[in-house]
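S.K.: Dropping the sequence and predicted coords here.
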Protein chains: 2
Amino acid sequence: MATVVRARPLVAQAQSTALNIIDTDVHERAEMHALLPYLAPEWRKYITDFGWQPERLLPFAQFATGGLDRQDAKLPDGRPGGSDLSLLRSQLLDEYDIDYAVLTGWLDASALHPGWSEFKTALMSAYNDWQLETWVEREPRLLGSVHVNAHDPVGAAREIDRIGSHPKMMQVVLYFGDKAFGDPYYHPIFEAAVRNNLPVGMHHSENSPTALGFHRYFIEWHTLVPQVFMSEMVSLIFNGVFDKYPELKVIMIEGGTTYVPHLMSRADQQYKELRSEVPWVKRMPSDIIREHFRFATQPTEEMSAKQFLAMIDAVGSEDLFCFSTDYPHWDFDSPVEALPAGLPESLQRKIFYQNAQNLYPKMPALKPR
Amino acid sequence: MATVVRARPLVAQAQSTALNIIDTDVHERAEMHALLPYLAPEWRKYITDFGWQPERLLPFAQFATGGLDRQDAKLPDGRPGGSDLSLLRSQLLDEYDIDYAVLTGWLDASALHPGWSEFKTALMSAYNDWQLETWVEREPRLLGSVHVNAHDPVGAAREIDRIGSHPKMMQVVLYFGDKAFGDPYYHPIFEAAVRNNLPVGMHHSENSPTALGFHRYFIEWHTLVPQVFMSEMVSLIFNGVFDKYPELKVIMIEGGTTYVPHLMSRADQQYKELRSEVPWVKRMPSDIIREHFRFATQPTEEMSAKQFLAMIDAVGSEDLFCFSTDYPHWDFDSPVEALPAGLPESLQRKIFYQNAQNLYPKMPALKPR
């Protein structure tokens, strides 16, 4: 938890903040059996009879007091964080006076290996219906994401067309496993997102390796999580996804922000030297990134306002970063503590809500504070 | 080739420079048959009879006019760049008035998969003997590196003990493939390096994957090469290699420099949150990096002096970067063009020679200019 400086004053128990807040990364959690009523009988038996469970490649659990979750976000009955609407309301929405929070899910077939693709595509439909009924339609401040199975791009596109027009579905979400999504195989997903006027959120998973696999300790893997974000960005950019779909916007979720200046600089240099290999890419990668990518801020790294502003200067835009908490996970970023004190108010407004408003076409209007 | 600004004036044909220069990355090249005389007969047949060739995992060649090499560094008889001493003298040492150049090799078994380990260990001995006889002992300005087979750590240590005391052997070199060298399995190599008072140079290879493998285009892979450097650094740091071998110094070669600020910031944050998992690590990763790591500059990314100085400020030290050309490869960095104009002379001196002098205990004295 990045908790060094308090950016804005705390108001005793009710920590209300002066600015509007849109939280772009909140994880709701399903138990597998809760999805069964939303599945057709022919798929239900994959879980009830055959015992399917999502495969886990990370050879560790999360090395934190509550495992994956904040200890205080777990429920007395043993359910994990993000399982209960009233606790999420009190610990997140009410506690920090958050206007809207975008749910980013838990079970996403895109992070898994291909295999039983039709089943997993159906499972994502069940998940989306469960998500709407259990969370989004019960709490005005919660907004949804369309989960799909990227390994079945046509089925994924069908699901986006089925549910993407729901007024509270903000985006399509793809979790990464070990597949580079710039491959033309996956393009039907981006086409469907654009067709439905939805940005695509991308999130790593516990099945995302680093360049040298999963390493010996959790801290190694967790330090290197930004690699898979860089790999996906490079894959999307150099495979011409944004040249093919100029309206597409992508938000990278839960990789932090400090890898962006390096990637821009390195990718621009390589583009100058090697662009004849990818003639369909017409602009500098840093320009493509500034136009098409946004970045959810969590997990923030402790830095001074001067260092933070140097990072903004290095990426060349105040429009790229969107605040996120990652509630209920162990490295939750508090809205009142995650950003350094002393940032200009105009920049705070962009990060806390304006950049997200500009990214999500269906974001509801905010009450001015 | 990073060729935007000329840091120092060119003197017509004889581009001599005002400052001393130590080039920390120059690739000599052997043809396989040239190594045969240095191999014992029982190993020779692995090449002559069984037809062993180093495996290549990169599914591309280098997408540049001369392939891996500068077009003008290739020889009329078809031999690749780095095959001929007189051409290397004229194109590099004389052309840029380089005081000393550290040879970093071509064939390094550590980049390959384990397999036929004893043969590859013997092959590295042959390579080292060939390197000394063909290059190092024929040109006073050329300095050598001890190549080893990391997959046979005891054999590697034996080779370091055998040849590491040669007065012109500057370092042990390990090329990365897909193995994380912080694993205790590899520690005998670091122990032998320290025992022989040698730093360890680490270099990526064409067998180094990214987090998502090798991707669809060369430009993707080449943009993401710094990942494997970050992975190795994280592996060494969190597996306690520098806590176990406090005298060990490592120079990361051919990964560039701009990933370092990100990695320092991210690793420090993770250390603050997760250090109880690795209690043997006693200091902040950024402090370990500043004390134990150096970085060869090539391939530089075009930036202004202001941006370069911001990077120096971000890593918190002027002592980390050592100039390198990567001769004879296609993305060669010229000493007169690679760094931005307008850097303070004291910083230029550190990068062009003083940092390398401090890294390599056996670096010969430089003639003052």
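M.R.: Everything's here; your move. Model, not experiment: these values are computed from the prediction.
S.K.: quick one: low-confidence parts of the stretch 101-250 of chain A?
M.R.: In the prediction, the stretch 101-250 of chain A carries no residues with pLDDT under 70.
S.K.: Residue numbers of it in contact with chain B?
M.R.: The stretch 101-250 of chain A comes close to chain B at residues A:178-180, A:182-183, A:208-213, A:215-220, A:222-224, A:226-228, A:230-232, A:234-235, A:238-239, as judged by CB under 8 Å from any CB of the partner chain. All C-beta spots, glycine's among them, are computed from the backbone N, C-alpha and C.
S.K.: Next one: A:P261 relative to A:A150, how far apart?
M.R.: Going from A:P261 to A:A150 by CB to CB, to the nearest Å gives 28 Å.
S.K.: which of those two has more neighbours?
M.R.: The residue with more neighbours, out of A:P261 and A:A150, is A:A150; 29 against 24, by other CB atoms under 10 Å in any protein chain shown.
S.K.: And the residue nearest to that one when sequence neighbours are not counted, how far from chain B?
M.R.: Spatial nearest neighbour of A:A150, chain neighbours left out: A:S110 (3.6 Å); criterion: CB to CB, 6 or more residues apart in numbering or on different chains. Using CB to the nearest CB, to the nearest Å, A:S110 is found at 13 Å from chain B.
S.K.: how about A:S110, secondary structure?
M.R.: Look at A:S110: counting by DSSP: H, G, I helix; E, B strand; the rest coil, its state is helix.
S.K.: Correct me if wrong: it contacts A:Y175.
M.R.: Yes - contact criterion CB atoms under 8 Å: A:S110 and A:Y175 qualify, at 4.9 Å.
S.K.: Quantify the burial of the residue nearest to A:A150 by counting its neighbouring residues.
M.R.: 27.
S.K.: OK, contacts around it?
M.R.: Taking CB atoms under 8 Å, 6 or more residues apart in numbering or on different chains, we find A:S110 in contact with A:H147, A:V148, A:N149, A:A150, A:H151, A:L174, A:Y175, A:F176, A:G177, A:K179.
S.K.: for A:I98, same thing?
M.R.: Shown in contact with A:I98 (CB under 8 Å, 6+ apart): A:I21, A:I22, A:D23, A:L92, A:R141, A:P335.
S.K.: now do 6 Å
M.R.: By CB atoms under 6 Å, 6 or more residues apart in numbering or on different chains, A:I98 lies in contact with A:I21, A:D23.
S.K.: any idea how far the residue of chain A positioned farthest from its centre lies from B:P80?
M.R.: Taking CA atoms, centre = their mean, the residue of chain A most remote from its mean C-alpha position is A:S276, at 32.8 Å. Per CB to CB, A:S276 is found 22 Å from B:P80.
S.K.: model confidence over stretch A:261-278, on average?
M.R.: Mean per-residue pLDDT for stretch A:261-278: 98.
S.K.: quick one: which of the contacts of A:S110 is most hemmed in?
M.R.: A:V148 (33 neighbours).
S.K.: That one contacts A:A156, correct?
M.R.: Yes - using CB atoms under 6 Å, A:V148 is in contact with A:A156, at 3.6 Å.
S.K.: now stretch A:351-362, how far from the chain's geometric center?
M.R.: How far stretch A:351-362 lies from its chain's middle: 14 Å, per CA atoms, centre = their mean, to the nearest Å.
S.K.: end to end, how far does that stretch reach?
M.R.: In stretch A:351-362, first residue to last residue: 18 Å (CA to CA, to the nearest Å).
S.K.: Can you give me the buried ones in it?
M.R.: Using 16 or more other CB atoms under 10 Å in any protein chain shown as the burial criterion, the residues of stretch A:351-362 that qualify are A:I351, A:F352, A:Y353, A:Q354, A:N355, A:A356, A:Q357, A:L359, A:Y360.
S.K.: Sitting in helices, which of these do you find?
M.R.: Applying DSSP state H to the buried residues of stretch A:351-362, the entries found in helices are A:N355, A:A356, A:Q357, A:L359.
S.K.: How much space separates the first one from B:N355?
M.R.: With distances defined as CB to CB, the gap from A:N355 to B:N355 amounts to 40 Å.
S.K.: Please apply the same query to the third one.
M.R.: Relative to B:N355, A:Q357 is positioned 47 Å away (criterion: CB to CB).
S.K.: One more: the second one?
M.R.: Taking CB to CB as the criterion, A:A356 is separated from B:N355 by 44 Å.
S.K.: The residue lying closest to A:P285 once chain neighbours are set aside: how many residues sit nearby?
M.R.: Of all residues not flanking A:P285 in the chain, A:A267 sits nearest, at 3.7 Å (CB to CB, 6+ apart). Residue neighbour count, defined by other CB under 10 Å, stands at 26 for A:A267.
S.K.: mind listing what's buried in stretch A:153-173?
M.R.: Using 16+ other CB under 10 Å as the test for burial, stretch A:153-173 gives A:153, A:155-160, A:163-164, A:166, A:168-173.
S.K.: How far off centre is stretch A:316-336?
M.R.: Relative to the chain's own centre, stretch A:316-336 is displaced by 10 Å; criterion: CA atoms, centre = their mean.
S.K.: Tell me the buried residues in it?
M.R.: Neighbour counts over stretch A:316-336 (16+ other CB under 10 Å) mark A:318-336 as buried.
S.K.: check contacts around the residue of the stretch 1-150 of chain A found nearest chain B.
M.R.: Relative to chain B, the nearest point of the stretch 1-150 of chain A is A:F63 (4.7 Å; CB to the nearest CB). A:F63 is in contact with A:F218, B:L274, B:E277, counting by CB under 6 Å, 6+ apart.
S.K.: Kindly write the PyMOL command that selects the buried subset of these.
M.R.: In PyMOL syntax, the buried subset of the contacts of A:F63 is picked out as below (16+ other CB under 10 Å):
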select buried, (chain A and resi 218) or (chain B and resi 274+277)
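S.K.: Of the contacts of A:F63, just say which sits nearest to B:L87.
M.R.: Within the contacts of A:F63, proximity to B:L87 (CB to CB) peaks at A:F218, which comes in at 49.7 Å.
S.K.: pretty sure the closest one contacts A:F60?
M.R.: Yes - contact criterion CB under 6 Å: A:F218 and A:F60 qualify, at 4.2 Å.
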